[in-house]
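> Just a sequence and a predicted model for now, questions to come.
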Amino acid sequence: MAIRIVRLGTARTEGEGPRLGTVRRPPRGVPKSEFARRDYYDVWLPNLSPSAQLVAEGLAADDDKQWAAFSRKFRAEMKQPDAAHLLDTLATLSHHASFSLGCYCEDESRCHRSLLRELLVQRGAEIEIS
């Protein structure tokens with residue numbers, strides 16, 4: 001039992017479990033009925049996505065200083081009660097079920113999902129190393 005951190009839209013792996021989309025917006029041009037079949041996500045969790053303004057900042061972060069500023073702001077957003085409770089819930093569930101969460105970004109090191117990984121580990125989540 002564990003959480004896998006994935007890039008949405010990539011092929012699922014065996015035993016991955018349901019995918020949770022931690023993105024601000026659904027995939028463009030894809031009918032809602034196709035999200036799961038096309039390996040995007042089964043459940044949409046926009047509460048674990050950066051705010052719309054912060055998404056733009058993250059995508060524009062060209063250097064380590066800008067990425068660090070984005071990271072600080074995103075961590076602050078994840079301290080808000082709704083997001084914090086959801087992270088606590090997922091960390092607990094990771095000990096009893098397998099599931100994955102992800103985002104569309106190609107490079108995890110410059111994606112909020114890398115920060116979600118850290119936040120979940122800090123909460124004691126079981127994270128599968130890929």
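Perfect, I can see it now. Numbers count the residues shown, from 1 in each chain.
> CA atoms for contacts and neighbours, from now on please.
Will do.
> could you pull out the helices for this structure?
Assigned by DSSP state H, the chain shows helices spanning 52-60, 64-78, 81-93, 112-122.
> Around Thr13, count how many other residues there are.
For Thr13, the neighbour count with other Cα atoms under 10 Å is 9.
> same thing with Glu106?
When neighbours are counted by other Cα under 10 Å, Glu106 registers 11.
> ok, now Gln66?
13.
> That one and His95: what is the separation?
Relative to His95, Gln66 is positioned 35 Å away (Cα to Cα, to the nearest Å).
> ok, now Pro81?
Separation of Pro81 from His95 (Cα to Cα): 22 Å.
> Pro46 contacts Ala52, correct?
No. Contact criterion Cα atoms under 8 Å: Pro46 and Ala52 do not qualify, at 10.3 Å.
> Give the intersection of the neighbour lists for these two.
Residues touching both Pro46 and Ala52 (Cα atoms under 8 Å, 6 or more residues apart in numbering) are Arg24.
> between these two, which one's more packed in?
Between Pro46 and Ala52, counting by other Cα under 10 Å, Pro46 is the more crowded of the two (16 against 11).
> Show the contacting residues for that one.
Neighbouring residues of Pro46 by Cα under 8 Å, 6+ apart: 21-25.
> could I get those as CSV with neighbour count, distance to Lys32 and pLDDT?
As requested, the contacts of Pro46 are exported to CSV (neighbours: other Cα atoms under 10 Å; distance: Cα to Cα, whole Å; pLDDT from 0 to 100):
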residue, neighbour count, distance to Lys32, pLDDT
Gly21, 27, 13, 98
Thr22, 24, 16, 97
Val23, 26, 14, 97
Arg24, 17, 15, 94
Arg25, 12, 12, 94
